[in-house]
Structure formats: C-alpha cells, structure tokens
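> Predicted structure and sequence below. I'll ask about it afterward.
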Amino acid sequence: MQDVIKYTFLLLSLASAQLFAQNQQDCLSINDNFASLTDSGKYRFVNEISTKTLAKVNFDKLKNYQQYLNEATQVITNKNPRASMPCPIVTETYAQLAQENNWEKIPKVSQLVAPYELAQNNNTKAILLIHGLTDSPFTFHDLSQFFYQQGFTVRTLLLPGHGTAPSDLLDVSYQEWQIATQFAIEATLAEFEQVYLGGFSTGGALIFDYLMQQQQVGEKINGLFMWSPASKAKSDMAWLAKYVDYLPFVDWIDLDADIDFVKYESFPYNAAAQVHDLMSGIVGENSMKSRIMHDIPIFVVASEHDQTIETKQTLVLIEQWQQHEDSVASKRAQSRLLYYGNKTSLSDATLSNIKVTIPDCQKGEMCAEFYDIAHSATTNAPSNPHYGISGQYRNCGHYATEPDRYKQCKEIDKPIIGETTAENLSHSLPLQRLTFNPHYQHMIDEITRFLKVTNY
C-alpha cells in the first residue's frame, strides 16, 4: 500500500509541477501580490452565503465521523474564497486521499485545508490530531503518514472558524472549539480499542481542557502528543485582547496578505481573546480549581525560544500533569520532553519529572543553519512541499507593518531563517520565520520510542 502511495505521490508531484510551469492562476501564483492583497483583504473575508447554505457544522446532530468530514468540507467549499482554486502542493497524505477518493491530480485549496481520515482495515488503534489557532489539518500532513505507517487510523479535526478565511474568527468562541473537540475525542474513543490524542498549540490546550474536566477517561487513551502546546501567550498584553475587541471598528491585531492558503495570516482580537480564556482554564493562577490530572503518559515538543507561547509556563503545566498522585513513577518512566533549547534553562522540577531529550546539532549539519526553532516549525518535515526547505512559502508576517522589510523578506535570495526573537530580528538581513523542523527525523525516532513503551 505504501509503495502505491509513493508512486501516486510522484505522479501527482509531476502533474503539479507541470501546472505551475504553465503559469495558470493557482494558489502559488498570487505570491507576488502581497502588497495589494494586504490592502484589499481579498482573501481575508469569507464568501457571503445564503441562510440556507451550510455555514457551520452542527455537532449535536452528527451521526458519525464521516458525516462530520462531509459537512466540514461543505462549509469550506461554501465560505472559503479560494476553495476551488487549484493548488500544486502535493503531499503524500494528499496522494493517499486522492487515490482513495478518485480526486484530481492537482489538489484544490479546499482539499488541503479540510479534515481527513486515513483509515486502516481494523479498529485496533487510532490517533486524533487537532491543529492550532489560525491553522488547518494540513499541519499534520507529514506526521499523518508516519502514524499511518505505524498501523494507526489517523483522524484530524478542523476547529470552527478555520479553513475558510480569517474573518471567520471574528465571532467564534472557544466553547465552539470545545464542542468540536469533545465530539472528535468521544467518537474516536467509542470506535477504537487504543487511542492517542495529539495537538499542536491550541489543539494541545483543547485536549488538556477536555481531559481536565473528565472524572474518568478509561484505559483506552494510551498517550498524548503535544507540539508547542498553548499554555500562556508570550505577550504579557494578551489578556487585553478581549477588552480591545469590545471597541467598535477595532477588529484586527494583524492585517496581512493572507497568501498562505492553509493558515490565516491576518489575526483578529477575538481569536486572541478566545484562546486566552481557554488557556486560563488549564494553567496559571486563574485555572479551574476542579481540573483533574490523569494517568496518561505524554510526549511534548517545545522550544525554549518560542515567540508565540511562553514555554516556561508550558513546562509548569507539564510538571503538574506529571504529578498525578497515583502514577508518578510510571509516568516519569514513559513520558518524554523533546526540548529545543539549552538544558540550563530547564528547572530541576522539569528534569526530575520527565525524561528530557535535547537533540545535538553539529557545525555543518542542516540544523546549524537556523536561528532557533520557531513555534510554527515543530510538526512539518523539511521535505514538506509548502513549508519545507524547498517550499515557496515564506513566513514574513512579523514585518507586516514595515512594507519595505516585508518585501525584502519575501524576495531576497537568502534571508536568515529562525524564530522571531528580538536578537534574530536585529540582524541586517531580514528574518524568515522557520516553518519546518530541521530535527524532524530525530523527533520521529523519539516518537517511535514513546510508542513502544506506551502501546500496550
């Protein structure tokens, strides 16, 4: 089966290259229009639809996961202004889905941002993967292939307000994300014998939030995967977002070109307010007093220099999770922290509560070329055709208010690449934010070890 997928992947990649060579209007050909797109907001707002057209998934009326996938895809088709645009970005996950569903050789944008399931012919084990704020299930196209090859049915979830256009986040609530998360987790638990839950950023916070409100979770959940899990915003002013959002005509923290077809670039105050309230329920002084920790091993990937999430607060949350009174010894033996940073930045409590691995990076290796691991980088492989080392997309949104620097970041032959720390931004060359994990294979090796000790 995997050989067939790789052959299909090769054919689709060749077809996508041919389309791009023909210079047809597609998701990549808009890259040079970033200045006008920022001004016009062409891809910032959802399509206007009739009241009879499906605008949201009704989770209360879903009968099964396939119905969910169908409805979520319909919402994207109805509301995303680029839904039908061809997009010559072919991943192995798309190649597999295209083969199974008789899709066209060239993906549509809607097919790349939609939730999906890679199904095995059994109900033995499954992993549910939940993306982060402003992202889409494309975040997991690379990792999905790894888990599928390990025998997992792979399911993904599209959070409400995502996969369409940034304006869909203007009135979304974190309670809607909670409802979607509850549906996906409970449907997966009902159908499979063993389950793993994985979340990137806000997806991780939603998994913690769900579990911390359950008196019991049973024995089906073998482990958790958390990539850069959301715990506390890096900015100390994040708590102000919900108050600013009350002001009339003040909707956006960042206005960008929204060139990235699988992740929003423009960012509304409401989105920041909602994720702040969600995080406040699971960690920190305002966390719910009734939260419940469970005896579930955890695999965490975190960067010391993450400029979206405060990693120190994430580590506090992980320490608290590890202190489940009935299972400290077993969790310490099984849980893992894959840390991109200096060991001296870790507390004694972290080092004593979880096995820590810090990858080596020797001079001359690919990883040595980058300036710290960014929040946005942990889940994507260097080979990713969109976010990888040869991908055309460049994350330059940190220069959105500096048009000349933004243009330079997008066009210069060799920008520096890394996380958007103050030090890295002080260089004379523009900084492209890192969008793939140069330690990806090392991470896969560590995940494999974690699966061996937790896959009972």
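That came through fine. Numbers count the residues shown, from 1 in each chain.

> from here on, contacts and neighbour counts on C-alpha atoms
Will do.

> Wait, a strand at Gly198?
Yes - assigned with DSSP: H, G, I helix; E, B strand; the rest coil, Gly198 falls within a strand.

> which residues touch it?
Ile127, Leu128, Leu129, Ile130, Gly204, Ile207, Leu224, Phe225, Met226, Trp227 (Cα atoms under 8 Å, 6 or more residues apart in numbering).

> show me where pLDDT drops low in this structure?
1-24, 31-32, 235-249, 324-332, 456 (pLDDT under 70).

> For the spatially most central residue of it, give its distance to Asp142.
Geometric centre of the chain, nearest residue: His131, 3.7 Å, by Cα atoms, centre = their mean. According to Cα to Cα, to the nearest Å, His131 and Asp142 sit 13 Å apart.

> What degree of burial does the residue lying closest to Phe200 once chain neighbours are set aside show, as a neighbour count?
Closest residue in space to Phe200, ignoring its immediate chain neighbours: Trp227 at 4.6 Å, by Cα to Cα, 6 or more residues apart in numbering. Close neighbours of Trp227, defined as other Cα atoms under 10 Å, add up to 25.

> List the beta-bridge partners for Trp227.
Phe200, Val301 (DSSP bridges).

> OK, contacts around it?
By Cα under 8 Å, 6+ apart, the neighbours of Trp227 are Gly198, Gly199, Phe200, Ser201, Gly204, Val300, Val301, Ala302, Thr378, Thr379.

> what distance separates the helix or strand that contains the fifth one from the centre of its chain?
With elements delineated by DSSP states H and E, Gly204 resides in helix 202-212, which encompasses its position. Its chain's C-alpha centre and that of helix 202-212 lie 14 Å apart, by Cα atoms, centre = their mean, to the nearest Å.

> List the neighbours of that helix that are in contact with it.
Counting by Cα under 8 Å, 6+ apart, 129-133, 177-178, 181-182, 197-199, 217, 225-231, 275, 278-279, 281-282, 291-294 sit against helix 202-212.

> Okay, domains of the chain per the record?
2-292, 371-438 (automatic domain parsing).

> So what would you say the end-to-end distance of the shortest one is?
By that I understand domain 371-438. 11 Å.

> How about stretch 285-293?
16 Å.

> Check which residues of it are buried.
Neighbour-count burial for stretch 285-293 flags Arg291, Ile292, Met293 (criterion: 16 or more other Cα atoms under 10 Å).

> close enough to count as contact, the second one and Gln214?
It refers to Ile292. Yes - using Cα atoms under 8 Å, Ile292 is in contact with Gln214, at 6.9 Å.

> closest one to Ser347 among the domains of the chain?
Nearest of the domains of the chain to Ser347, taken as Cα to Cα: domain 2-292 at 17.1 Å.

> Contacts only, for Cys409.
Contacts of Cys409 (Cα under 8 Å, 6+ apart): Arg394, Cys396, Pro415, Pro430, Leu431, Gln432.

> try it again with 6 Å
Pro430 (Cα atoms under 6 Å, 6 or more residues apart in numbering).
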